[in-house]
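Colleague: Please find the sequence and the predicted model below.
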Amino acid sequence: MLNIIGGSYVENCIDPSYRELYGSGLRAAAALSQKDFEITFYSLISAELKDLAELKSKTFGYQCNYRTISNTIEFDYYHPLALPEIFNYDKSSPIQQFIISEYGDFLCYGMLEANFVFNGNYVVYDPQNLKSFKETGSKAKHLAIILNKKEAIHFASTKSDDLSIIGNEILHTENAEVVVIKNGVKGAFVIDREGIYEVPVFATNHVWPIGSGDIFSAIFAWQWIIERKSAKNAAIFASKMTANFCQSIQLPIRKSIDPLLPREIKKGINKVYLAGPFFTVSERWLINEIRSILIDFGNNVFSPYHDVGIVDSKKQRSESIKIAKQDLDAITQCDSILAIVSGLDAGTLFEVGFAKAINKRVIILAQNVNINDLTMLIGTECEITDDLSTAIYMASW
């Protein structure tokens, strides 16, 4: 049996349109359901949504143990990589404390509104609320902690940005057997008492990021706790299954899936040239949003709007020559170009053609574009998607 503790939250996204009741814990319970072990899920839910939550448990086939609260927390995303707005959550309200008396194996996600205290055998802890395992008051005989890079840096006292050093510190301060640090598009590090291992990411042609971290932790728990796989092998399998989820958004997770190949992890900093029109407020907002996310993903980004600027109409000819040289030099030095071709801006299409002429990798974000207008881009093997998240991941790989 596996006990799962975590949030049951409403998730909304504007583009692409999406509305579901999941959250970390409920998603994990659904992902690991219909396997050869039983699941008991502990969470909180409002009276209004309790019937839906219990219907999900019956549909997927796991036991649920809900505490009732007045309002279910909601996360609203403008797009899947945007920082969400959180509703029905008051930071000033005291966190509710619950005690689980049963001893057993646990997958535990940090929650905003509650803290469950338990005594576990094998425990996988994913601290999504920036609370360390020691702070929860729970105990584990065998503990694995799964963090993303930002969480790992938050918990470590060292000033080093070396994830192996950070992971080793957390391994000892938390008295854990395993620490896994997810490093976004660069895969993950597994740190245990025998060594440090790199885990690759796997190639997909579509990326749905909402809940992907939840899935990684759930699959790792399945393999490490139930199947008793090594931490390294559990993490590799979790990476592959997470990639399948990002591509299909299908639950529960199945072992029999289409084979995926690992991507080569680039050494050094990836240089991305961000091409696209920036002549209106909406165009500049999109360029700024994509640039911010690319930088957050660890890329070195050259953006003509940010790094060169807009042509002074009074000096059109002289400034155009200067700007064109700077932009083309930047394309020559980049690893890849991410081009927004919605609107078929002449300058952007020229940059794409120049990049292909010098054998650069080109990723195209094409929304609301006639397929016939993409003939040359398709014919020159540009990587084309109409999905913002997918385009950003492609450019970062």
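Modeller: Okay, I see it.
Colleague: Quick check, central residue of this structure?
Modeller: Nearest to the mean C-alpha position of the chain, by C-alpha atoms, centre = their mean, lies residue 209 at 4.6 Å.
Colleague: Residue 196 falls within a strand, correct?
Modeller: Yes - using DSSP: H, G, I helix; E, B strand; the rest coil, the assignment for residue 196 is a strand.
Colleague: how much space between the closest residue to it other than its chain neighbours and residue 194?
Modeller: Leaving out its chain neighbours, the residue that sits closest to residue 196 by C-beta to C-beta, 6 or more residues apart in numbering is residue 164, at 4.8 Å. In this view, the C-beta of every residue, glycine as well, is placed from N, C-alpha and C. Noted for residue 164: a distance of 13 Å to residue 194, by C-beta to C-beta, to the nearest Å.
Colleague: between these two, which one's more packed in?
Modeller: residue 164 (14 against 9; other C-beta atoms under 10 Å).
Colleague: Which strands and helices lie in contact with the helix or strand that contains that one?
Modeller: Assigned by DSSP states H and E, residue 164 belongs to helix 163-173. Secondary-structure packing of helix 163-173 (3 or more C-beta pairs under 8 Å, 6 or more residues apart in numbering; DSSP states H and E): helix 149-155, strand 178-182, strand 188-192, strand 195-199.
Colleague: tell me the angle of the second one relative to helix 163-173?
Modeller: When axes from the mean of the first three to the mean of the last three C-alpha atoms, to 10 degrees is applied, the directions of strand 178-182 and helix 163-173 differ by 140 degrees.
Colleague: mind checking how far strand 178-182 is from the chain centre?
Modeller: Chain-centre distance of strand 178-182: 15 Å, with C-alpha atoms, centre = their mean, to the nearest Å.
Colleague: Send over the helix or strand bottoming out on mean pLDDT in the chain as PDB, restricted to the C-alpha atoms.
Modeller: Lowest by mean pLDDT, DSSP states H and E among the helices and strands of the chain is helix 316-333, with a mean of 89. The C-alpha trace of helix 316-333 is given here as PDB (Å, rounded to 0.1, in the frame of the first residue of the first chain):
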ATOM      1  CA  GLN A 316      15.700  55.000 -40.700                       C
ATOM      2  CA  ARG A 317      18.400  54.100 -43.200                       C
ATOM      3  CA  SER A 318      21.500  54.600 -41.000                       C
ATOM      4  CA  GLU A 319      20.000  52.900 -37.900                       C
ATOM      5  CA  SER A 320      18.600  50.000 -40.000                       C
ATOM      6  CA  ILE A 321      22.000  49.200 -41.300                       C
ATOM      7  CA  LYS A 322      23.400  49.200 -37.800                       C
ATOM      8  CA  ILE A 323      20.600  47.200 -36.300                       C
ATOM      9  CA  ALA A 324      20.700  44.600 -39.100                       C
ATOM     10  CA  LYS A 325      24.400  44.000 -38.600                       C
ATOM     11  CA  GLN A 326      23.900  43.500 -34.800                       C
ATOM     12  CA  ASP A 327      21.000  41.200 -35.300                       C
ATOM     13  CA  LEU A 328      22.700  39.000 -37.900                       C
ATOM     14  CA  ASP A 329      25.900  38.800 -35.800                       C
ATOM     15  CA  ALA A 330      23.800  37.600 -32.900                       C
ATOM     16  CA  ILE A 331      22.200  34.900 -35.000                       C
ATOM     17  CA  THR A 332      25.600  33.800 -36.100                       C
ATOM     18  CA  GLN A 333      26.700  33.300 -32.500                       C
END
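Colleague: quick one: the helix or strand just after that helix to helix 316-333, angle?
Modeller: Sequence order places strand 336-340 as the next helix or strand after helix 316-333, per DSSP H and E. Taking the same axes, to 10 degrees, one finds strand 336-340 and helix 316-333 inclined to each other by 130 degrees.
Colleague: Nearest to residue 317 among the helices and strands packed on helix 163-173 would be which one?
Modeller: helix 149-155 (46.2 Å; C-beta to C-beta).
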